[in-house]
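Participant: Quick one, fold the following:
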Amino acid sequence: TGGAFRFAFAGVDDLLAVLPSLAQERLENVDFGTYTQDQFFDDLFALTQYQSDPDLLEILVRGSLDTAKWIAQQGVKLQPGLGRQAYQVDGKFKFWGGLALHIWGGGPELLNALYANVERRGIPILYETPATSLIRENGRLAGVIAEHQGAPVAIRAGAVVLACGSFESNPEMRAKYLGPGWEMARVRGTRFNMGAGLNMAMAIGARPYGHWSGSHSVAWDINAPPYGDLTVGDQFQKHNYPFGILINAKGERYVDEGANFHSHTYAKYGGEIIKLPGMFAWQVFDAKVSHLLRSEYRIRGVTKAEANTLEELAGKLDGVDPEGFLRTVREFNAACRVDTPFNPNVLDGRRTQGLAINKTNWANPLDTPPFHAYHV
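Facilitator: This next block holds a predicted model:
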């Protein structure tokens, strides 16, 4: 994970309470804005269409600022998310999407800091010791059975936390619960999240709960390895689609790329790709927005096509009907309302008009070479 940290804050004072060193930064050209609890609730309601668990939502949102402070107190380093969550417009950075602070070094440094904290406290960690089942005695959990150096071992405890992920690395369970085609998906993270914790819990009668047929699924480079690569991290993701168009094998757009900031749509738009012919898509941009694309578009292993004309690009988009693509771009360009100013830091209302699927923000005609596209 890249380390973006979502929590509610009423202004810079709350951010200083989490990251006191922020006071030493030059912030005269930075507008952090706010991300109030009400904004946090509204975003979650919109994203989940009011299907969120209300009790868990209250815990998550109401406790989010205190959680951020606690994380910082454990030795986790944070920094402003300039460039990833704030673009420079007219010399000023303005934050959008509520993600003002990021964990320095992303997921790897988060874990390094927490493991160092655990070691300072003298808490033992047993590596290469997978839990295999739960110990249930007299109607309550009393620990786990694990496998250590090839032999079973009982580890008794006052409480058991199944913090071992879901079933995203298990093709059989993905197909069973998420549906056809999901066994083919590439896994962003570890190969070890095989659903063991869920299966252990259900084996002793735990109640299945939540949205089993839904998942956090992102646009991921089509040639990424089957599982996450720690040397690349989250850089196979491709999140800047709001500034371009998304096309399928027919050369047609299939979602509103500008429905919201990518932070609010990326985790469900990845799942839309599975439904497409051939289970792939292309993200297409022109030179006007090249400077807005994040580092993930410039990694060594990116699957990319580039051309000086749309006609030339059409022939380089593997698996795409070139005539369908060119027709889509012509219609899209003609539908863009260019009288509205483009601003990547806000929902700018620069939209298309008259298309079967309109783009509601950041609708720029694709008219400035070089054109470039990314295969996901």
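
Participant: where do the strands sit along this structure?
Facilitator: If DSSP state E is used as the criterion, the strands of the chain fall at 4-5, 30-31, 78-80, 86-89, 92-95, 101-103, 131-137, 140-148, 151-156, 245-247, 282-285, 304-307, 371-375.

Participant: To Thr67, which of the ones you listed lies closest?
Facilitator: Taking CB to CB, strand 4-5 is the member of those nearest to Thr67, at 9.2 Å. (C-beta placed from N, C-alpha, C; glycine too.)

Participant: Name the residues that touch the closest one?
Facilitator: Ala68, Ile71, Leu78, Gly81, Arg84, Gln85, Leu99, Leu101, His102, Ile103, Ser263 (CB atoms under 8 Å, 6 or more residues apart in numbering).

Participant: quick one: which of the residues you listed has the most company?
Facilitator: Leu101 (25 neighbours; other CB atoms under 10 Å).

Participant: Next one: it relative to His216, how far apart?
Facilitator: Applying CB to CB, to the nearest Å, the value for Leu101 to His216 is 21 Å.

Participant: Is it possible to get CSV of the contacts of strand 4-5 that adds distance to Phe332 and pLDDT?
Facilitator: Converted to CSV, the contacts of strand 4-5 look like this (distance: CB to CB, whole Å; pLDDT from 0 to 100):
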residue, distance to Phe332, pLDDT
Ala68, 40, 97
Ile71, 43, 96
Leu78, 39, 95
Gly81, 30, 84
Arg84, 27, 68
Gln85, 27, 71
Leu99, 29, 88
Leu101, 36, 94
His102, 33, 93
Ile103, 37, 95
Ser263, 24, 88
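
Participant: Let me know the closest of those to Ile245.
Facilitator: Ser263 (19.3 Å).

Participant: Without its sequence neighbours, what residue ends up closest to that closest one?
Facilitator: Gly97 (4.1 Å; CB to CB, 6 or more residues apart in numbering).

Participant: What is the neighbour count of the closest residue to His148 other than its chain neighbours?
Facilitator: Distances taken as CB to CB, 6+ apart place Thr129 nearest to His148, at 4.6 Å, with adjacent residues excluded. Counted with other CB under 10 Å, the neighbours of Thr129 add up to 14.

Participant: Show me how far stretch 220-227 is from its chain's centre.
Facilitator: 15 Å (CA atoms, centre = their mean, to the nearest Å).

Participant: Need the contact partners of that stretch.
Facilitator: Applying CB under 8 Å, 6+ apart, the set of residues contacting stretch 220-227 is 169, 186-191, 236-238, 270, 280, 301-303, 374-376.

Participant: What of stretch 7-22?
Facilitator: So stretch 7-22 is in contact with 23, 27, 32, 34-37, 39-40, 61, 64-65, 67-69, 72, 78-80, 100-101, going by CB under 8 Å, 6+ apart.

Participant: Quick one: buried ones out of these?
Facilitator: Neighbour-count burial (16 or more other CB atoms under 10 Å) is assigned, among the contacts of stretch 7-22, to 32, 35-37, 40, 61, 64-65, 68, 72, 78, 80, 100-101.

Participant: Need the residues you listed in JSON lines (columns: distance to Phe7).
Facilitator: Putting these into JSON lines (distance: CB to CB, whole Å) gives the following:
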{"residue": "Phe32", "distance to Phe7": "13"}
{"residue": "Tyr35", "distance to Phe7": "8"}
{"residue": "Thr36", "distance to Phe7": "11"}
{"residue": "Gln37", "distance to Phe7": "10"}
{"residue": "Phe40", "distance to Phe7": "8"}
{"residue": "Val61", "distance to Phe7": "9"}
{"residue": "Ser64", "distance to Phe7": "4"}
{"residue": "Leu65", "distance to Phe7": "5"}
{"residue": "Ala68", "distance to Phe7": "4"}
{"residue": "Ala72", "distance to Phe7": "11"}
{"residue": "Leu78", "distance to Phe7": "11"}
{"residue": "Pro80", "distance to Phe7": "14"}
{"residue": "Ala100", "distance to Phe7": "9"}
{"residue": "Leu101", "distance to Phe7": "8"}
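
Participant: from those residues, which is closest to His148?
Facilitator: Ala72 (34.5 Å).
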